[in-house]
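1. The amino acid sequence is not available; the structure is as follows:
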């Protein structure tokens, strides 16, 4: 085979593999996926045990785990590089949904319910997952994500996209955790709400999303889509895509 021909075939094969690597998909199962939210901060000395507890969920493919780093600890000696005022606002707004009377850290919310007993929860939703009222299929092509959301019965739904990263660590040099090396998984780096819509029974709705924040090299990145009952604000189905 002539050298130029061999080089061309090799280039085409590499381009094909690259295109395949940029395309992936996932589909939700017959039961609803548990959604675990942790509100945490690097400035809070009672938060590392909750961070480790959330990290332990990494082995569970049937759980969507989200660590929201709030910013109200930042003025007390250490600024959390993952903190966002948007996450602080979200925590306050979620009080109407999860039943908490105030914002605190660490706060764990499981399926929309405030769980102060989180440290004793060893199996998140493994035995009590209801049948799914909503199905999600999620796909990525290049930088664009497309979801098809289909409700079993007519309902008002809303949703949000959350980009998370795992495998981060921070050497804290101030505040309550001064001198500690903190490790973080499922850190929410980007959050995008989807306005409510009227879902007709059996009729799929298409949602699209293109992340604004580039992936951090060397860290596992997940795209999470959480679909909510728009009237109660509680999750009805969720799906994550790891690719």
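-> Structure received. Keep in mind it's a predicted model, so treat the numbers as computed, not measured.
2. Can you identify each of the strands in this structure by residue range?
-> Secondary structure of the chain (DSSP state E): strands at 23-27, 35-40, 64-69, 107-110, 113-114, 134-141, 144-151, 155-166, 168-171, 181-184, 187-199, 205-209, 220-229, 235-241.
3. Please name whichever of those is nearest to residue 85.
-> Counting by Cβ to Cβ, residue 85 lies closest to strand 64-69 out of these; the figure is 10.9 Å. No exception for glycine: its C-beta is placed from N, CA and C like everyone else's.
4. Give me the contacts around the closest one.
-> With contacts defined as Cβ atoms under 8 Å, 6 or more residues apart in numbering, strand 64-69 is touched by 33-42, 51, 54, 57-58, 80, 82-84, 87, 90-91, 162, 164, 184-188, 224, 226, 238-240.
5. That one - what's its average pLDDT?
-> Taken as a whole, strand 64-69 has an average pLDDT of 98.
6. What of stretch 219-236?
-> Computed over stretch 219-236, the average pLDDT equals 97.
7. Could you tell me the end-to-end distance of it?
-> In stretch 219-236, first residue to last residue: 28 Å (Cα to Cα, to the nearest Å).
8. Flag every buried residue along it.
-> Neighbour counts over stretch 219-236 (16 or more other Cβ atoms under 10 Å) mark 221-230, 235-236 as buried.
9. now swap in stretch 171-180 and tell me
-> Buried residues in stretch 171-180 (16+ other Cβ under 10 Å): 172, 175-177.
10. cool, stretch 93-107 as well?
-> In terms of neighbour count (16+ other Cβ under 10 Å), stretch 93-107 has its buried residues at 94, 97-98, 100, 103, 105-107.
11. do the same with stretch 192-209
-> So stretch 192-209, judged by 16+ other Cβ under 10 Å, has buried residues 194, 199, 205, 207, 209.
12. who does the fourth one bridge with?
-> By that I understand residue 207. residue 147 (DSSP bridges).
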